[in-house]
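Enquirer: sequence and predicted model, in that order:
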Amino acid sequence: QFGSSEQQFRFHQPIRITAVSPVGGYTTGGDTVEVFGENFVNTEYLVLQFGDNLFLCSPGAPATECPVGATHVQNALTFLDSNRLTFTAPSSPLATRKNILASNNNNEWSASLASYDYYTTSTTCPPSLSNPCRGNGDCLEIPGSNPRVQGCICKQGYSGIDCSVGPQVLSVEPSIGLASGGYNVKVHAYNVAYSAQQTYRVRIGGSTTLSATLLGPNLMEFRVPTSSEIGYIGPATVGKSVEITVNNQVWTTNGVLLRLMPDPVMASIVPNAGHYLGGVKVTLNGQNFIDTDKLRLRIGDLLANGTTFVTESRIVATTQACLGDCGNFTVADPISLTVNSGVSYTQSTLTFRYVPDPALVQVTPNTGSNTGGTPTLVSGFIVDGNSLTCDFGGTRVSASYHIPTASMVCNSPASAVTGVVPVRMSNDGQVFSPPANCSQFPTRCFEYRPPVAITRVVPTLGPVGGQTSVTIVGTNFFQLGAGQATCTFGSLTSNMVFVDSSHYTCESPPSGAVGDVAFHISPNGVDAIGSGQFQFSYYVHPTLLSSAGDTLIPMGTPLSGGTSVTITGSNFRLSGDGIRVRFLAFDGSGVQTVSGRATYVNSQEIRVVSPPLNHTATVSMAVSVSLNDGLQYSPPAFDPFVYYTQPDFREIVPHLGPRLGETAVMLVGDGFVNLRGKARCRFGTQTVSAFFDDSGATAVMRCISPPSPIPTWVVVEVALDGQVFSNVKTVKFQYFGEYDVTSVTPAGGPSAGGTTTTVNGVGFFMSGTLLQCFFGDGSAQCAPDTPYPCYIPVPATYVSPTAVTCVTPSIPPGGSVTERYPVRLGINGEFSQSCPNVVPGYACPLKAGLAFTYYSDVQVARILPNSGQVMGGTRVTISGSNFRVDLDQATRCMFTLCTIEDVVMSGDNFGQFQPGKTDCSGATVQSPATAVTSTNEIVCQTPVAASADSHFAIVDVSLNSGSTKQRRYGPTCPDGCPVTYFFYSLPLLGTLIPALGPETGGTHVTIVGVGFIGQQNTQMKCRFGAEESNAATTGVTNAVQFLTQSTMKCIAPPQTASDVRMQVSLNGLEGDFTDALLGPLYKYHVAPTLTGVPVPSAGAAGGGTTITLTGTNFRPGLIRCKFWTTAAEGGLDLVTAAEYLSSTEVTCPTPSVSVSQLVSISISLNAQDYSPHYLVRLFFFFPNPTIHYLVPSGGPAESG
């Protein structure tokens, strides 16, 4: 909401000062000075800045803009015109220069500036001796002066004390012109003196000099040369300065610009046709247009009104009414343009045509969607112009000229509502035909309807012969006159019939080609509804004839249907509508049924489930296929298809057979039909092929029993079509125990027997003591007097229908470890497993590979090392005999846990078997051999132990992947038989005593911890950092010793002074060392050195004197002082505990000695290793003093 009062704001071009006249005066001031420039505005805010801090104000300047004071002069500036200002020069105390700036609003100042110079009154020819009279005159004696003085004698046209008052250029008219030249330009100037010699000249851009003519006071004129004349200037769109001279010597310097533009180029005029009464706004588009008030657009001989420059590429104008008959509205007038009010015109190839009153005759079609976009043909008096326009109820859209009908075509605009609106037309987009009364002239109006939308088209395909009835489903369907609505199939159309608001129908036209075509509808004859969304496919009817074999497989189905029928032929294709199959009786009775949707397999095959037929007797049918959901069917297949009643199946002969099948049976009953080998029998859930046999008096079906997994009774049924079975449920077949053997695992074991083997196969069942395994060959059971070949039966244990287990006997008498012994399984004491449906017997062929190999018994003698951690991974070597290099993949190292009931775990008998025990009863773990190096040696990595606690395990070797435990040892065992292995938990290291020692090593270090196992491990090792404690590093044979289960002793090897971690391996193997990061710290130190003398250096033999020792390299620990003498001196050797004070000082008490003597002193930092740097005979033990009496023995309490 705005207030009622108004203020005005004036925009002006940037203000510019071009010159000051005169440019100087005496310091006394008082001279009238004119300021020349551009864009001065007569306002009270107009102000000049004179010098740095003086402002000359206009009359009426507000006090806020021109306050009273030394810096502002009120009413000091006079506005003459937009190019001139004047003021009176104020006095100046000094001869100096004052810069001058101008502002129209006391805020934004001129970009250019001028200056005014002050001269002293004694200056003869200002401004200076080096530049007298500013070059506009000569410094001479002034005629008639008395006394004679010199002064400026000014050149023609100049005056003033310094000859600075002269001509000034104010403006040029026009200031913009064409660079092509040929026209005159006026120069508005000031102070232009008359020159009888006509020495008027104009200089353009500082270089081109042209003659000029004085037209009157302060007005000159010159001609801009053309390109063919001398002095041609050329384009200068930014502008070139125009300066003048009146004496052909001195030129102005105002810098007024003349812009020279390229010739305009006229590209188009919009509209290019308009109403004859004029008033049509036209837009001229092109290039190089000039912003000048002399700009005029001409149409033929008529000047347009209000020609207005918009941009350098656009001009607008308004047409005048045409003259006379307007060229009978058939003549197109040429377009031309002038930039100098008609002095000259630039011609173009453009034309403009006057047209009569617009008159609309008809709109076709006159209905469409309110979403717009309906192509509409509007007829009337139409001119092929570029501004054809349609108006739909007030909404205008561009139109195009339709040459065949001399009409215009426009797309209907969108409408927010539905309903009828009048349509108007215009040839120029501005003058429109009058709106029609839509109830009286409906063909001149347009009806907006809700948009038509298609949701689906059914069917989507049809034969190339056409005549497919197509239904279109959607919304907002409507009805027009007959023949207007169409369906389009590619390039073919057919009439569309309105059914209701959501359904149309049409019939596909015949097509000469197979394939997909675009489909759409046109309810109004033009709008393409559904274009790009829907397709219709033309096809050739399938041919139902197989190139090889039967066309219909199977060739029949029961009356209840349900048979999957494969139909072979050609020209099948995928169908979104659905493929259907018709079954029509051959006898002309009209009996028929149609399937559900069939499944497309490929172009030569489909599959369909036969539908039920409402009939009571067997009937032969013709089969046809429809690719468009049953609307049109192909010619029928040549082969007939039979719908039959289910047969009356009553008996199977014989009614039993072996479990492995292959029993030939006959199905007896009535109603069997020959469907060319597609019939099947079903035994329980298994189906086999059935065959029609009518060679006897009665037709029967024959089939062979399939295998059955278990002995059982099963229901037998028959399906003549191979799919839909009779479902009688009263005929049964009995399977009995035929079986088959496939493998034996393991397939090898020791000659002593005892290997638990698994016999795998099918058809096993429990048969009590008759279930047996047979090892060996021949027809007789092995006996002491029966040489090989023979067989040994052993009991078998039923596990499942596919597995039994049995324990191998010892190798048959006379057998060899190099032979493979056949393995058979007897469920009833016979050997029929490999010969189904054959009388059992030894002649039955042996199953390939079904055999067992014996090998010599393995003996275990020793394992090294004989202990390792419970986490496994210890590399061990097992010595013994009868190992097999060729069985390395099946060789296993076995470790069976010995419980405390098996082995003594404490006391003197630690590790020995309990009384009466020679084996272990715990869980067994195993690991594959990493190498079988010979028949006497195996290398393994121990597995994870059966228990996380330390324990013994009995050691065994299996050559059949762990199936057999032999427990055979010897003949001699260096470490005792049976051979055992000790699994231990890694020891935990606690403290070291001492925890430090000298670099020279040799310190006996006791490790306190948990889990040391002593005599069971002969290869215990200690490691101090990276150095191992052994005979080589310490010079001591037993450098490592087991003490107790919680202590062991190691001798420190030499190392440089450093802190290292202690590690222990109980079996001496690298991989079994304890974690270095968890080991206690041992500190190597530099041997301490004692220096100086003890303080005190003597003490009583009774001891107890605390002495202080000095030296180097002392550190906290078990510090001890040793007081000693040589053997020759009596062999004194006494030690006392010392106290650490610093790295250079300790104290210790003296011991008690029996005699007075001189002794040496040594120091140890760990109570064990004494430094070689000691004090020799530097402490004296003197006899203990004895007090006999005190004299006097009393005194006064005051003491003294």
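Expert: Right, received. Where do you want to start?

Enquirer: for residue 1146, name its beta-bridge partners.
Expert: residue 1109, residue 1140 (DSSP bridges).

Enquirer: how many other residues sit next to it?
Expert: 24 (other CB atoms under 10 Å). In short, each C-beta sits where N, CA and C put it, glycine included.

Enquirer: quick check, pLDDT for it.
Expert: What the model reports as pLDDT for residue 1146 is 96.

Enquirer: hmm, it is touching residue 1119, no?
Expert: Yes: with contact defined as CB atoms under 8 Å, residue 1146 counts as touching residue 1119 (5.8 Å).

Enquirer: mutual contacts of the two, please.
Expert: Shared contacts of residue 1146 and residue 1119 (CB atoms under 8 Å, 6 or more residues apart in numbering): 1138-1140, 1163.

Enquirer: ok, those residues vs residue 769, which is closest?
Expert: residue 1140 (87.7 Å; CB to CB).

Enquirer: residues contacting that closest one?
Expert: 1114-1117, 1119, 1146.

Enquirer: report the helix or strand with the lowest average pLDDT across the chain.
Expert: Here the helix or strand of the chain ranked lowest by mean pLDDT, DSSP states H and E is strand 656-658, holding a mean of 64.

Enquirer: what is the mean pLDDT for the very next helix or strand once past that strand?
Expert: Using DSSP states H and E, the helix or strand that follows strand 656-658 towards the C-terminus is strand 664-670. Mean pLDDT, strand 664-670: 87.

Enquirer: go on, stretch 971-985?
Expert: pLDDT averaged over stretch 971-985 gives 87.

Enquirer: in it, what counts as buried?
Expert: Going by neighbour count (16 or more other CB atoms under 10 Å), the buried part of stretch 971-985 is 973, 977-985.

Enquirer: repeat that for stretch 692-703.
Expert: 692, 699-703.

Enquirer: show me the buried residues of stretch 971-985 that map onto strands.
Expert: 980-984 (DSSP state E).

Enquirer: okay, strands next: where are they in the stretch 601-750 of the chain?
Expert: All strands of the stretch 601-750 of the chain, identified by DSSP state E, counting those that start in this stretch, fall at 605-609, 619-626, 641-644, 648-653, 656-658, 664-670, 680-683, 686-693, 700-704, 713-719, 732-736, 740-745, 748-750.

Enquirer: partners of the fourth one, with directions?
Expert: The strands beside strand 648-653 in its sheet (DSSP bridges) come out as strand 664-670 (antiparallel).

Enquirer: and the angle for the strand it pairs with with strand 686-693?
Expert: 70 degrees (axes from the mean of the first three to the mean of the last three CA atoms, to 10 degrees).

Enquirer: out of the strands of the stretch 601-750 of the chain, which is the most enclosed?
Expert: strand 748-750 (a mean of 24; mean count of other CB atoms under 10 Å).

Enquirer: ok, and what's touching that strand?
Expert: Here strand 748-750 has contacts from 755, 757, 808, 852-858, 887, 890, 959-960, 963-964, 966, using CB under 8 Å, 6+ apart.

Enquirer: among those residues, name the ones in strands.
Expert: Using DSSP E, those in strands are 757, 852-855.

Enquirer: ok, so what distance separates residue 704 from residue 661?
Expert: With distances taken as CB to CB, to the nearest Å, residue 704 is found 7 Å from residue 661.

Enquirer: ok, residue 574 next?
Expert: From residue 574 to residue 661 the distance is 42 Å (CB to CB).

Enquirer: ok, now residue 235?
Expert: Relative to residue 661, and taking CB to CB, residue 235 is found at 108 Å.

Enquirer: so which of these two has more stuff around it?
Expert: A count of neighbours by other CB under 10 Å puts residue 661 above the other of residue 235 and residue 661, at 18 against 14.

Enquirer: which pLDDT value does the model give the more buried one?
Expert: Looking at residue 661, its pLDDT is 72.

Enquirer: neighbours of the nearest residue to it once chain neighbours are set aside, just the number please.
Expert: Distance criterion CB to CB, 6 or more residues apart in numbering; nearest residue to residue 661, sequence neighbours excluded, is residue 707 at 4.2 Å. By other CB under 10 Å, the residues close to residue 707 number 17.
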